[in-house]
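A.B. asks: give me the fold of what follows.
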Amino acid sequence: MTKKPILATKWTCTGCMACVDICTPKALVPIEEIDGHLYVKWEKESCISCEACTKVCPIVNKYSFRNDLKHSKPYAGWAKNDSLRMKSSSGGAFAAIAEFFLLKGWYVAGAVQDDLSVKHLITNKIEDLEKLQNSKYQQGQLAGIYKQARFILTKGNKLLFSGTSCQVAGLYSFLGEKKYLKNLYTIDLVCSGFTSILPLRTFLRNEPYQIESISYRNKENGWVNNEGEIVCQSITAYTSDRTIDYGKNIIYSAFFSHLTIRNSCINCKFAFLHRKSDITLADFWGDKDFPNEHFKGISAIVSHSIKGYELLNNSKVIFYPTEWEKILSKNYRLVVGRIRFYKYHPIRLLYPFIFKHCSYKFIKKLFDGKQRNILWFPYRIMYSIIYRISVYYLKMDFNRNLSNSF
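C.D. replies: Numbering: from 1, shown residues only. Alright, predicted model coming up:
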């Protein structure tokens, strides 16, 4: 009798797809559920009950993704190359490190925007570097990437893998403790959670232009302006004959509301300070030490290992030691993965139905949260109360987790 494998539930699955890649009989397949997120479907007829998927699932196995405290060091930094830096979301640290790898003929893995979808790519071609740059707020399809990574490493090649903390955890879990890990270098990104694909599809379906591609972070007007205001967070859409700046529309509203992110992102198991990745990267929001660098962008960099420091030292990255408090003040997800109360927010529970049956105008107002129309006043009060309670507990969890980290 075929026994169903023990895997992450719909509430805990990160969509890393490590289980799909390890399944030789292809009894696990990626599927998109009604909430617009990728999960895994079990095909009983193909399963041979080998339990390989259970062993590599980073949620259910016992593999440790924590690093030793003594190796983690915080830095502020940016790419020396201004062209790379301006095409990047923050300071271009990843681009500079990836450029170092690619110029050596080594391999780099990261997320790329493929038309209007996101996937992971492994390349050793310098001309692919631009594809790997910039933020992608959608979750990419990773099925197949771990097998490619293993093949490259077993051939004695060096590989730089970039992804969110759960994706890096999936890679380490898939590869296990092997000798070829000495050629693996990993960079994980501080992540606010993966937004459902439903806001993007609704946006594309209702906007008047035939959009061919999207950029989520445009630094044409700078990363932060002279008043300290963040100006790079806007949607830029490209059509066949024009470029359109949509500003903070329904895609950004849904992203910042946290109301459509994956269930696992509400209680992320991999958001802790000392990580197994070699480097953690984020925007250095709130920086006050390098105001002259704000227009071009600054990266918050945490080196977790000797290999991580070597990456910074060998690539064309300008970096300066900084204090933990300065990096963490605006990057709570570096320490805290839990967002209390949002799990039971009424809009969160209903959003698949809302995106399917409600008008575009109504949806935009719903996710705005700042409607001044008196008819929306009760909703605005509810929105504000839940937000304030969540922030209160977020700070409490942040302080507790931070004190336990040192």
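
A.B. asks: from the middle of its chain, how far away would stretch 282-298 be?
C.D. replies: 20 Å (CA atoms, centre = their mean, to the nearest Å).

A.B. asks: now that stretch: buried residues?
C.D. replies: A282, D283, F284, W285, D287, F290, E293, H294, F295, K296, G297, I298 (16 or more other CB atoms under 10 Å). C-beta here means a position set from N, CA and C on the backbone, and glycine is covered the same way.

A.B. asks: farthest-apart pair in these, please.
C.D. replies: A282 and F295 (18.4 Å; CB to CB).

A.B. asks: contacts only, for the residue lying closest to V224 once chain neighbours are set aside.
C.D. replies: With sequence-adjacent residues excluded and distances taken as CB to CB, 6 or more residues apart in numbering, V224 is closest to H294, at 4.2 Å. With contact set as CB atoms under 8 Å, 6 or more residues apart in numbering, H294 has these partners: G222, W223, V224, N225, N226, G228, D287.

A.B. asks: quick one: the strands in the protein, in order.
C.D. replies: Secondary structure of the chain (DSSP state E): strands at 28-32, 38-42, 73-79, 107-114, 117-123, 159-164, 184-189, 213-217, 233-238, 243-247, 279-283, 299-303, 317-321.

A.B. asks: just name the most buried of the ones you listed.
C.D. replies: strand 299-303 (a mean of 27; mean count of other CB atoms under 10 Å).

A.B. asks: okay, angle between that one and strand 317-321 too, please.
C.D. replies: Here the directions of strand 299-303 and strand 317-321 differ by 70 degrees (axes from the mean of the first three to the mean of the last three CA atoms, to 10 degrees).

A.B. asks: from the contacts of H294, which is closest to S46?
C.D. replies: Using CB to CB, these come closest to S46 at W223, 48.4 Å.

A.B. asks: among the contacts of H294, which one lies nearest to T2?
C.D. replies: Using CB to CB, those come closest to T2 at W223, 53.1 Å.

A.B. asks: which residue sits closest to that closest one, ignoring its sequence neighbours?
C.D. replies: G297 (3.6 Å).

A.B. asks: ok, the one you found - contacts?
C.D. replies: Residues near G297 by CB under 8 Å, 6+ apart: 78, 85-86, 88-92, 219, 223-224, 232, 283.

A.B. asks: how close does it get to S213?
C.D. replies: The spacing between G297 and S213, counted by CB to CB, to the nearest Å, is 21 Å.

A.B. asks: hmm, V335 is touching F272, no?
C.D. replies: Yes. Assessed by CB atoms under 8 Å, V335 is found in contact with F272 at 6.7 Å.

A.B. asks: check the offset of the helix ranked longest in the chain from the chain's centre.
C.D. replies: For the chain, the longest helix by residue count, based on DSSP state H, is helix 377-405. The chain centre lies 21 Å from the centre of helix 377-405; the measure is CA atoms, centre = their mean.

A.B. asks: what do you get for stretch 234-248?
C.D. replies: Offset of stretch 234-248 from its chain centre (CA atoms, centre = their mean): 22 Å.

A.B. asks: adding distance to L189 and pLDDT, write the contacts of H294 out as TSV.
C.D. replies: Converted to TSV, these look like this (distance: CB to CB, whole Å; pLDDT from 0 to 100):
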residue	distance to L189	pLDDT
G222	21	89
W223	16	91
V224	19	85
N225	24	78
N226	27	70
G228	23	68
D287	18	93
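
A.B. asks: narrow those residues to those that are buried.
C.D. replies: G222, W223, V224, D287.

A.B. asks: from those, which is closest to K73?
C.D. replies: D287 (17.0 Å).

A.B. asks: that closest one contacts I298, correct?
C.D. replies: Yes. Using CB under 8 Å, D287 is in contact with I298, at 5.4 Å.

A.B. asks: low-confidence regions, the stretch 1-150 of the chain specifically.
C.D. replies: Within the stretch 1-150 of the chain, the segments meeting pLDDT under 70 span 1.

A.B. asks: let me see the contact set for the closest residue to W78 other than its chain neighbours.
C.D. replies: With sequence-adjacent residues excluded and distances taken as CB to CB, 6+ apart, W78 is closest to G91, at 3.4 Å. Counting by CB under 8 Å, 6+ apart, G91 makes contact with G77, W78, A79, R85, F284, E293, K296, G297, I298, S299.

A.B. asks: hmm, try it at 7 Å
C.D. replies: G77, W78, A79, R85, G297, I298, S299 (CB atoms under 7 Å, 6 or more residues apart in numbering).
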